[in-house]
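K.L.:
based on what follows, work out the 3D shape:
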Amino acid sequence: MNIILLGPPGAGKGTQARHLVETRGMVQLSTGDMLREAKDSGTEMGNRVADVMAKGELVTDEIVIGLIREKLEHGAEGGFIFDGFPRTLAQADALGALLETTGNSLDAVIEMEVDDTALVERITARSTCGGCGEVYNDKTKPIPADGRCTNCGKENDFKRRADDNEESLKTRLMEYYKKTSPLIGYYYAKGDLRPVNGLADIGEVTASIEAVLG
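P.N.:
So this is what the prediction gives:
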């Protein structure tokens, strides 16, 4: 099973992807992670990535598609989660063509629907564990009083992203709506879109996604 997690920054895509990796054996394909892995791999594609990044240039869609192709060719028993890609209609077309030529399919595009005002309140209050990435929130899931992560047990290693502030988040949201939100209509027209309430409790969001995937 191959899926796309679609939603604005802070909608909770990473949290839900981790759950699917742990429970279904899926492989999360995050653009950033793939680029970092490729840069140090020593492969031909990896050398191209390293060269582009060393020059401070933007990595092209062609390179990202090439990295995804490598992952698809290796396969994954539980399927793939596309996280952070595609971001544009051109990338969506390219991904669709790649899946077709490699004999794969896209089973669902899960849209994590959120309210912008509530999202800003959620994100400006969040912290993550530096050890495992577990997400905490000052209001809904505060850091334990003993300073120990409930997931990995690491102590006093909680961080806030520098851009998790209201001004930066509004800028990131605007960028999302300009470039990525057209994908909602694109995948709706294809019959792939499956919306879930991204602002519900984490467990409720997980249950909604599980119901979609069956």
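
K.L.:
need the contact list for Gly191.
P.N.:
Counting by Cβ atoms under 8 Å, 6 or more residues apart in numbering, Gly191 makes contact with nothing. Where you see a C-beta, it was placed from the backbone N, CA and C, and this is true even at glycine.

K.L.:
helix or strand: which one has it?
P.N.:
Of the helices and strands defined by DSSP states H and E, none includes Gly191.

K.L.:
so which helix or strand of this structure has the lowest pLDDT on average?
P.N.:
Ranking every helix and strand in the chain by mean pLDDT, DSSP states H and E puts helix 116-123 at the bottom, with a mean of 84.

K.L.:
tell me the strands beside the next helix-or-strand element following that one, with direction?
P.N.:
Scanning forward in sequence from helix 116-123 by DSSP H and E, the next helix or strand is strand 126-129. Paired neighbours of strand 126-129 in the sheet (DSSP bridges): strand 135-137 (antiparallel), strand 158-159 (antiparallel).

K.L.:
spatially speaking, which residue is in the middle of the protein?
P.N.:
Ranked by distance to the mean C-alpha position of the chain (Cα atoms, centre = their mean), the top residue is Asp83 at 3.1 Å.

K.L.:
coming back round to it: name the residues of the least confident helix or strand of the chain that are buried.
P.N.:
Burial within helix 116-123, assessed by neighbour count using 16 or more other Cβ atoms under 10 Å, is assigned to Leu119, Val120, Arg122, Ile123.

K.L.:
now stretch 53-66
P.N.:
Judged by neighbour count using 16+ other Cβ under 10 Å, the buried positions of stretch 53-66 are Val59, Asp61, Ile63, Val64, Ile65, Gly66.

K.L.:
hmm, who's touching that stretch?
P.N.:
By Cβ under 8 Å, 6+ apart, stretch 53-66 touches 31, 34-35, 39, 45, 48-49, 52, 85, 90-91, 94-95, 98.
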